[in-house]
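Asker: Sequence and predicted structure below; questions after.
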Amino acid sequence: MKRIHLGFLATMAFSAAAVLAQTTASTPSTSTPVTGQSIEQRKDNQQQRIGNGMENGSLTAGESRHLENQEKNLNKEEHIMRSEDGGKLTKADKAALNGQQNHLSKEIYQDKHNAAVQPKTNNEVNTRDRLQQERIGQGVKNGSLTAGEAANLERKEAGLNREEHNDRVANGGRLTPGEKAHINHQQNNLSRQIYNKKHNGRRQR
């Protein structure tokens, strides 16, 4: 009889534990989500996502410039925080940076999934545009371009895209030979700047 009673109690305890575990799993946590990533790992992850968008055309030059400017500002803010605390980040600093990275993460997703994309590579000029974007995207992903350098290059790329668009509007959707030569000349200059910035020894931190 004693054995039966003990077995019954063990069965009841096991059932209660199972119910508690199921309830806990189905109840959403109200605490701050744990990413399992350090601040540096999160920055690297964001840069990988932006770089992928540059390469595959889902991020326009203007969108990339905007995102990289925000990343640059976050890096500056982190640098100031560390300088004020002997090179380390306090819990409050980490929470603030993670909150801003969460906001930036949502923007990256939205920009990569909206209707704005890079122009189709159906002509020589647009093909060059895409190749430049791929080179910038690769530099962002491998760290050879800082967020500030990438933002500067994307600003120039966005300016070239606007100039090309205006030229086409003024000429019934086409570019004159002179306009093509002018845009190619500017792309040559930008190409050299991409190379120089990727090989100047500065790295994304």
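Answerer: Yes, it's here. Residues are numbered from 1 along each chain as shown.
Asker: Now stretch 151-169: buried residues?
Answerer: 151-158, 160-161, 164, 167 (16 or more other C-beta atoms under 10 Å). For every residue, glycine as well, the C-beta is placed using N, CA and C.
Asker: what stretches of the chain score poorly on pLDDT?
Answerer: Applying pLDDT under 70 to the chain flags the ranges 1-36.
Asker: residue ranges of the helices in it, please?
Answerer: Assigned by DSSP state H, the helices in the chain fall at 2-26, 39-56, 61-84, 91-112, 124-142, 147-170, 177-198.
Asker: Mind giving me the packing neighbours of the last one?
Answerer: The criterion is 3 or more C-beta pairs under 8 Å, 6 or more residues apart in numbering; DSSP states H and E, and the helices and strands that helix 177-198 contacts are helix 124-142, helix 147-170.
Asker: And for Glu77, the neighbour number?
Answerer: Neighbour count of Glu77, defined by other C-beta atoms under 10 Å: 14.
Asker: In contact with it, which residues are there?
Answerer: Residues in contact with Glu77 (C-beta atoms under 8 Å, 6 or more residues apart in numbering) are 97, 100.
Asker: Apart from its neighbours in sequence, what residue is nearest Lys94?
Answerer: Ile39 (6.3 Å; C-beta to C-beta, 6 or more residues apart in numbering).
Asker: swap in Lys72?
Answerer: Per C-beta to C-beta, 6+ apart, closest to Lys72 is Ala147, 4.0 Å.
Asker: I'd say that neighbour and Glu71 touch.
Answerer: Yes. Look at Ala147 against Glu71 with C-beta atoms under 8 Å: they come within range, at 4.0 Å.
Asker: Give me the common contacts of the two.
Answerer: Gln47.
Asker: before we move on, back to that, do you know which of the helices of the chain lies nearest Arg205?
Answerer: The closest of those to Arg205 is helix 61-84. By C-beta to C-beta, the value is 6.7 Å.
Asker: How about the contacts made by the residue nearest to Lys94?
Answerer: Contacts for Ile39 (C-beta under 8 Å, 6+ apart) come out as 78, 89, 94, 97-98, 101.
Asker: got it, and Arg135?
Answerer: 191, 194, 198.
Asker: if we can go back for a sec, I'd like the distance between the residue nearest to Lys94 and Ser105.
Answerer: Per C-beta to C-beta, to the nearest Å, Ile39 is found 13 Å from Ser105.
Asker: Other residues contacting stretch 149-158?
Answerer: Outside stretch 149-158, the residues touching it (C-beta under 8 Å, 6+ apart) are 50, 54, 60-62, 64-65, 68-69, 71-72, 129, 132-133, 136, 139-140, 145, 190, 193-194, 197, 202.
Asker: From these, keep the buried residues only.
Answerer: 50, 54, 60-62, 64-65, 68-69, 71-72, 129, 132-133, 136, 139-140, 145, 190, 194, 197.
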